[in-house]
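>>> take this sequence and fold it.
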Amino acid sequence: MHILAEGIAAGARASELAKFMGVGLTTLQRWRRQFAGDGEGVDRRKGSSRKVAHRLSVEECQRILLICNEPKYADLPPGQIVPDLADQGIYIGSERSFYRVLHAHGQLHRRGRTRLPQEARPVPRLKANGPNQVWSWDISYLPTSVKGIWLYLYLVVDIWSRKVVA
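Numbering: from 1, shown residues only. Below is the predicted model:
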C-alpha cells in the first residue's frame, strides 16, 4: 500500500500504476477506498457465516483415522476401504471424505507397506578394444511359407568386429 500512496501522491495515473503493480484498475480503486482514511487498513472481507450441517465432526474424523490405521486397512487406499466397510454394513463417510481426512492429516501418500520409488539403475556402458571382449545377442522371428510357422534366429555378434560368433 505504500507504493500506492506514494505513486498517487506524486501524480501518477491510476491506470499506469495498476499496470506497473500488475493488478486491475478496479482492484487498485478498491484498495484506495479500503485503506484511505475511513478504512483504517482493516480487512473487511466477509467470510461464509453459514454452518454446514453435514460437515464431519471431530469424532467422525478421528473414527476415519482409526479405521484407516487399523492393520487390515493400513496399506489400502480409501477406494478399497469404503467398499469393504460397506460390505460389512458400516458407513462412516464417503470415499471423498476419507480422502479429505487422510490428506488433512498427511496420511494420504505412501500408505502402509508400499515401497518408496527406486532410482533408475545406470545403463551399463561397455567398450570393446579388440575382438572377443564384448558380445551382443538377438533373437529374430523369421516367417516361413507356411502360415503361423516361424523360424527363430538366435544370433551372437562380436561388438568390435561385428562378426557372427554363434
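>>> ranges for the helices of this protein?
Along the chain, counting by DSSP state H, helices occupy 2-9, 14-21, 25-35, 58-68, 78-87, 95-104.
>>> can I get the ones you listed in a markdown table with mean neighbour count?
The way it works is simple: take the backbone N, C-alpha and C, and place the C-beta from them, glycine included. Below are the helices of the chain laid out as a markdown table (neighbours: other CB atoms under 10 Å):
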| stretch | mean neighbour count |
| --- | --- |
| helix 2-9 | 12 |
| helix 14-21 | 14 |
| helix 25-35 | 14 |
| helix 58-68 | 15 |
| helix 78-87 | 15 |
| helix 95-104 | 16 |
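>>> could the ones you listed go into TSV alongside mean pLDDT and distance to residue 122?
What follows is the helices of the chain, written out as TSV (pLDDT from 0 to 100; distance: least, CB to CB, whole Å):
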stretch	mean pLDDT	distance to residue 122
helix 2-9	61	52
helix 14-21	84	50
helix 25-35	80	52
helix 58-68	93	38
helix 78-87	92	36
helix 95-104	92	36
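>>> nearest to residue 149, out of those helices?
Of all the helices of the chain, helix 78-87 sits nearest to residue 149, with 46.3 Å by CB to CB.
>>> show me what stretch 105-115 is in contact with.
65, 68, 69, 74, 75, 76, 77, 99, 102, 116 (CB atoms under 8 Å, 6 or more residues apart in numbering).
>>> next, the buried residues of that stretch.
By neighbour count on 16 or more other CB atoms under 10 Å, the buried set for stretch 105-115 is 108, 111.
>>> of the helices of the chain, which approaches residue 160 most closely?
Nearest of the helices of the chain (CB to CB): helix 78-87, 54.2 Å.
>>> tell me the angle of that closest one relative to helix 58-68?
Orientation check (axes from the mean of the first three to the mean of the last three CA atoms, to 10 degrees): helix 78-87 against helix 58-68 gives 100 degrees.
>>> how far off centre is helix 78-87?
Helix 78-87 has its C-alpha centroid displaced from the chain centroid by 23 Å (CA atoms, centre = their mean, to the nearest Å).
>>> what is it packed up against?
helix 58-68, helix 95-104 (3 or more CB pairs under 8 Å, 6 or more residues apart in numbering; DSSP states H and E).
>>> noted, bye for now.
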